[in-house]
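Colleague: Need a 3D model of the following:
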Amino acid sequence: MPPADPAEPPQDLSHTWVVAAEIQVEPRIASIADFRGSFKAATGQRVDALEVYCRGCRRPYDEVKGQDCAEKVDNRHLIGGDQSTRKKRKLPPPPKGAKIIPGEKVQRRGIGAYMAGVSRPR
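Modeller: Prediction:
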């Protein structure tokens, strides 16, 4: 591995902390928050923190404080680990007495898939 370029600033590996909160609001504010997805809280309003975690690696504060953010180092843990070594999903067995009948081949790519889509049945 070549040495890092001294002119390049070091990568920031710090966590981005967020708080999952619970705030009691009036019905009017609840309606606004439901419609817009955000609202303004009153000044001095007390907010109960349900959980504090890192937005990047999704790990709780008390587990990873003082460590580098795993998402910025290597985010494979967010996709279920190394895809090449992970076991494949098991298919559930069919119900008793059921018979599997193979269907026709489905075109999933190209213009044929577009032309035979749900909105344009054959």
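
Colleague: So in the chain, which helix runs the longest?
Modeller: helix 27-36 (DSSP state H).

Colleague: Which positions in the helix or strand following it come out as buried?
Modeller: Heading C-terminal from helix 27-36, the first helix or strand you meet, by DSSP states H and E, is strand 48-54. For strand 48-54, a neighbour-count test (16 or more other C-beta atoms under 10 Å) marks Tyr53, Cys54 as buried. Glycine gets a C-beta too; all of them are placed from N, C-alpha and C.

Colleague: what helices or strands is strand 48-54 leaning on?
Modeller: strand 17-22, helix 61-64 (3 or more C-beta pairs under 8 Å, 6 or more residues apart in numbering; DSSP states H and E).

Colleague: Relative to Arg109, which of those is closest?
Modeller: Arg109 sits nearest to strand 17-22 of all these, at 38.9 Å, using C-beta to C-beta.

Colleague: what angle do that closest one and strand 48-54 make?
Modeller: Calculated by axes from the mean of the first three to the mean of the last three C-alpha atoms, to 10 degrees, strand 17-22 forms an angle of 150 degrees with strand 48-54.
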